[in-house]
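Enquirer: okay, sequence plus prediction incoming.
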Amino acid sequence: MRRLTYVGGRLALAVPVLFCIAVLNFFLIHLAPGDPASVMAGEGGSATPEYMAMLRHKFGLDQSLPMQLWHYVTNVATFDLGYSFRNDEPVLNLILDRLGPTLLLMVTAFVISVSVGTLLGLLAGTGRNTWRDGASSVLALLASATPSFWLGLMLIVLFSIRLGWLPTSGFETIGSFYEGRAYALDVGRHLIMPALSLALFYLALYTRVMRASVIEQTNMDYVTTARAKGQTERGILFGHILRNALLPVITMAGVQAGNLIGGSVVVESVFGWPGIGTLAFSALQGRDLNLLLGIFLVSACVVVVINLVVDLAYITLDPRMDV
Amino acid sequence: MKAAFTRFARNRLALLGAIILLLVLAMASAAPALYPAGAFALAGPPLQPPGDRFLLGTDTLGRDVAAGIVYGARTSLMIGVSATLAAVLLGVLFGAVAGYYRGRLDVALMRVTELFQTIPSFILAILLVAILSPSVNSEILAIAIVSWPGIARLARGEFASLGGREFVLACAGLGAGDGRIVFRHLLPNCASPLIAVGSLLVASVILFESGLSFLGLGDPNLMSWGLMISAGREVLRSAWWICTFPGLAILATVLAINLVGDGLNEALNPRLRDR
Amino acid sequence: MNDGSFFSPPVLSIEGLSIALPDGADRAHAVDRFNLTLRPGEITCLVGESGSGKSMVARSILGLLPPRVRITAGALRFGATDIAQANEAQLRAIRGLEIGMVFQEPMTALNPLHRVGHQVDEVLRLHTDLSRRARRERVVQLLADVNLPDPERLYRAYPHQLSGGQRQRVVIAMALAMRPKLLIADEPTTALDVTTQAQILAQLRELQRDRDMSVLFITHDFGVVAEIADRVAVLQRGQLVEEGRRDDVLRNPSHAYTRSLLAAVPRLRVPSRPANTPGVQILEACNLKKTYARRGFRGRATMALDDVSVLLRRGETLGLVGESGSGKSTLARVLTCLAPADSGDVLLDGEQLAYLTRRQLRPYRKRVQMVFQDPYASLDPRQSVGDIIAEGPMIHGASRAAAKARVTELLELVGLSAAAAARYPHEFSGGQRQRIGIARALALEPEVLVADEPVSALDVSVQAQVLKLLADIKHKLDLSMLFVTHDLRVALQVCDRIAVMRAGRIVEIGDAAAIHAAPSHPYTRELFAAVPGAMWEQSHAAEPVV
């Protein structure tokens, strides 16, 4: 029950955050050179004069700045993010259509990076100054320095072009009407490389955090107490150290949620993955600022939800968070 | 300080990083001498594989890939250092004031950093550069705006924890004013973690910048590694070298900076030997 | 005490134990050829100052030495096993089952993520085959044995919900769960308040008597030795210098080091002092109130100062005595204008100080100065000693040359060489750093010196030197002193008047001798009763002290 009130409270806190982002969007629109209405309509140039007039009226562009802000924010609150002429669809619909693949990519990358990262970090932290530590350190160093989009391209060169094992791009094999399990496998084959490209950088990060955390916990007093009770090293590692060591990793994972969705922009564009990242890329090329702002807002919402999930995981693990 | 220097020198990985970094710096500063025609000049037939005449090959238009690498180093380093400096200055300023004075200013800063943490920073940077139209200055500004909250958070934490220490209290007891306490006592003690984080920030800024230029948001007048990679995408199958070498350059540079940054961290904040 | 035990086989026999420290430590061996015999049914206290190696001995018995610290010679004979040669499996069979251990820091000794009952249960899981229900019953019984309130409910509590004393009881329960033959207690009460310490010591003694267990008790406090020891062993820098029955060692120490240590221990009595006719009041607290806002969502607001009024007279030393949370440090800081009060005022020679701005306050800073508790945190690690001491005068306008001269003068006054001015704090020991702190405080020629637990973090021999220094300085410079401490023995030795504080209020105030002879408030009586070794001192009060 207390958890539910906590969740409710956090969601309520999210509202001012989204409000701030909407306000930020507003100021970005006005930062752009030119008439805000043409900015909102998109520079596709295909907006009709009637539509432009309607836009001007709707956003109160003849009124004072605070009124304009009010109009914008209320529009956002009623889920009206504008219209994209290039794609001939309301912005919100466009984004929601593409949200699924992006979430799939993000979650997969998140799971890979956290699970493999903590595993490697655990191996490194418990085998300090052995080959395990050295090897995972080298891996982490290289992975932290590799740009994700370049890694994606190199993976394509190796696995698609040279070896032909995996498809080069896309979400599914077009023209093949897979069902059920075969469909899932097909998507999976397309998912692997993008997910790996996105995950590797964060994997390295979690490895380092976990390793440092394991080392820190190993020197704690309660570990000595456990040893004095006659506990085995294995019992100490899994019964005591592991859970304590995970806490900073979880915190870090929450912090990185925003970067993960930002990273998906480049990775999706490399692999032609039909998510909001590719949408953002095409919006960039078409200078469809309105669409970009909508993507910005929606992705912030996604981050808020992810942060909430991560926080819930944290307070489940740590009883000191008196909720 | 001298002890820190010796500690750094004994760290082999950090030395390796420093050597690589110096090579990159040398390469970048020597660019006009090595390739006086610039990186955009058409140096030869297009799509030449790496060989005797062109060490790293040529791209789709016939530009020398090696020239692109060398000039790209200038771009990356310049943007890396400038954006980092701006972010650090801004972040330390706000963080120090918030951490030292606490109160409402501190709460306000914490809210702002939390907000920035929720915003996907890369997308915000894309927006800013797109709106301000791509150029070196807009890139630096966008990256600095997106990066300063992290630094501010760190600086605030350091100042807040140091501010409660007894030696600071003692200084206040002697009648020292805020200025003296902050500049003579707090900053020198905070410098180490800030320097370490600052140096690591350069690396992440370079990665950030390469992502921006890959998406076409880089300064059109400057050659950059991200730009080269995106240009080479079309011919990935046949001319692998156009994408590969710039990526390796990014990897090497960022790796070097990370090694140096880690080394600085170890040298300036020596923990107990059971690392 | 159990004399018959002399003829039964020893529980643990330490023979020629040498423990080597890693390179770069201040000596090669933590302990060198150390011998000690622990007999059944006896409490043996191992006494030493910091760095004597006593903790290493304790840890070596269970094979819990830190990495890179090794046993290089000797034997630890426990029954048929030589622990020094035992492998991990053998050690695990002994730990928790035959030998139990209690550590110094109760706040970090328990895993914060597991419930208390689960952690005590762990011992039973490791060493018995009992069913879950049987184990649970045992654990609740164990918690009750150490006098923890409401053991059923405590079973499900988390460590952060318990106080320091309660956590230490849990650790004791864990150590004694399997009724071991030997209990090793490594300074288990050092981190606790004096009243809690008294309770835990009594608890340990009771448990030891019940189970006829052997106890090795590591401590630095001779008061604790007097309180509970049957036998005493004294360790000096890794060497055993004296060993014997408690009364023998305390009354007739044979080794010079033991004698000097005992002489340095503050007694629970007021030394004969020339009568001090105090002058008019110089520093006064008037109805001070200070509340710390509640932390987080559900915390409570804590009242650090609850309408406190007290005055310090010229030329006297007033002691503020209390346990942690009593408000004594807060009061000291408010009186020095280092912390703001919510209401009430601070008067210095009649002038109101509490609400002045920082600029207005500056000239008064010269008249009241503070010496801090932590010698390691009270000096800026990046400033040279000379700069630290010179800073005060220079802030108030002294020229560099004048300040420098003052530094030399002060260093001499506190017993350090003038060459110290060029060095940095980390090059000095704790006691020397406190001297530097005192020099800094004296640099502005204050009239009032506020000492906030100035010797609590120091070894007892160093403590005596610093206290003597403070007394000399006070006399020489004609200072008035406010002395904050948690240790009644120190207060009696140093202070003319004592104010006892509890929960933000002064419960009793009066002449040191008067309070010692006849404490009126029940809390004061409790504090006196809780001083370790008080009973022993009383019973031996008539005897000549060495």
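Expert: Received the coordinates, thanks.

Enquirer: any low-confidence regions in chain C?
Expert: Scanning chain C with the threshold set as pLDDT under 70 gives C:1-7, C:275-276, C:278, C:294-299, C:541-546.

Enquirer: what does the stretch 101-250 of chain C put close to chain B?
Expert: For the stretch 101-250 of chain C, no residues are found near chain B under the criterion CB under 8 Å from any CB of the partner chain. Quick note: C-beta positions are derived from backbone N, CA and C, even for glycine.

Enquirer: tell me the residue of the stretch 101-250 of chain C that sits nearest chain B?
Expert: Closest approach between the stretch 101-250 of chain C and chain B, counting by CB to the nearest CB: residue C:108, at 16.6 Å.

Enquirer: the stretch 101-250 of chain B against chain A: which residues are in contact?
Expert: Applying CB under 8 Å from any CB, we find that the stretch 101-250 of chain B lies next to chain A at B:114-115, B:117-124, B:126-128, B:130-133, B:203, B:207, B:210-211, B:214-217, B:226, B:229, B:233, B:236-237, B:240, B:243-244, B:246-247, B:250.

Enquirer: and with 6 Å instead?
Expert: Contact residues (CB under 6 Å from any CB of the partner chain) of the stretch 101-250 of chain B with chain A: B:115, B:118-123, B:127, B:131, B:207, B:210-211, B:214, B:229, B:237, B:240, B:243, B:247, B:250.

Enquirer: that older thread, leaving out chain neighbours, which residue sits closest to the residue of the stretch 101-250 of chain C closest to chain B?
Expert: Closest residue to residue C:108 apart from its sequence neighbours, by CB to CB, 6 or more residues apart in numbering or on different chains: residue A:221 at 4.1 Å.

Enquirer: need the contact list for that neighbour.
Expert: The contact partners of residue A:221, taken as CB atoms under 6 Å, 6 or more residues apart in numbering or on different chains, are C:105, C:108-109.

Enquirer: if you set the cut-off to 10 Å instead, what comes out?
Expert: By CB atoms under 10 Å, 6 or more residues apart in numbering or on different chains, residue A:221 lies in contact with C:103-111.

Enquirer: repeat that for residue A:79.
Expert: With contact set as CB under 10 Å, 6+ apart, residue A:79 has these partners: A:90-92, A:96.

Enquirer: quick one on the thing from earlier: can you say which of the residues of the stretch 101-250 of chain B next to chain A are buried?
Expert: By neighbour count, with 16 or more other CB atoms under 10 Å in any protein chain shown, these hold B:115, B:118-123, B:127, B:131, B:207, B:210-211, B:214, B:229, B:240, B:243, B:247, B:250 as buried.

Enquirer: one step back: columns pLDDT, neighbour count and distance to chain B on top of the contacts of residue A:79, output as CSV?
Expert: Formatted as CSV, those follow (pLDDT from 0 to 100; neighbours: other CB atoms under 10 Å in any protein chain shown; distance: CB to the nearest CB, whole Å):
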residue, pLDDT, neighbour count, distance to chain B
A:90, 82, 16, 20
A:91, 82, 26, 14
A:92, 86, 18, 17
A:96, 89, 13, 17
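
Enquirer: can I get these in JSON lines with distance to chain C and secondary structure?
Expert: Compiled in JSON lines, the contacts of residue A:79 are given as follows (distance: CB to the nearest CB, whole Å; DSSP: H, G, I helix; E, B strand; the rest coil):
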{"residue": "A:90", "distance to chain C": "41", "secondary structure": "strand"}
{"residue": "A:91", "distance to chain C": "39", "secondary structure": "helix"}
{"residue": "A:92", "distance to chain C": "36", "secondary structure": "helix"}
{"residue": "A:96", "distance to chain C": "36", "secondary structure": "helix"}
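
Enquirer: any low-confidence regions in chain B?
Expert: Applying pLDDT under 70 to chain B flags the ranges B:1, B:270-275.

Enquirer: show me the residue at the heart of it, geometrically.
Expert: residue B:202 (1.4 Å; CA atoms, centre = their mean).

Enquirer: now do chain C
Expert: Nearest residue to the geometric centre of chain C (CA atoms, centre = their mean): residue C:190, 5.1 Å.

Enquirer: three-state assignment of the closest residue to that residue other than its chain neighbours?
Expert: Counting by CB to CB, 6+ apart, residue C:190 lies nearest to residue C:104, which is 5.6 Å off, once chain neighbours are set aside. Following DSSP: H, G, I helix; E, B strand; the rest coil, residue C:104 is assigned to coil.
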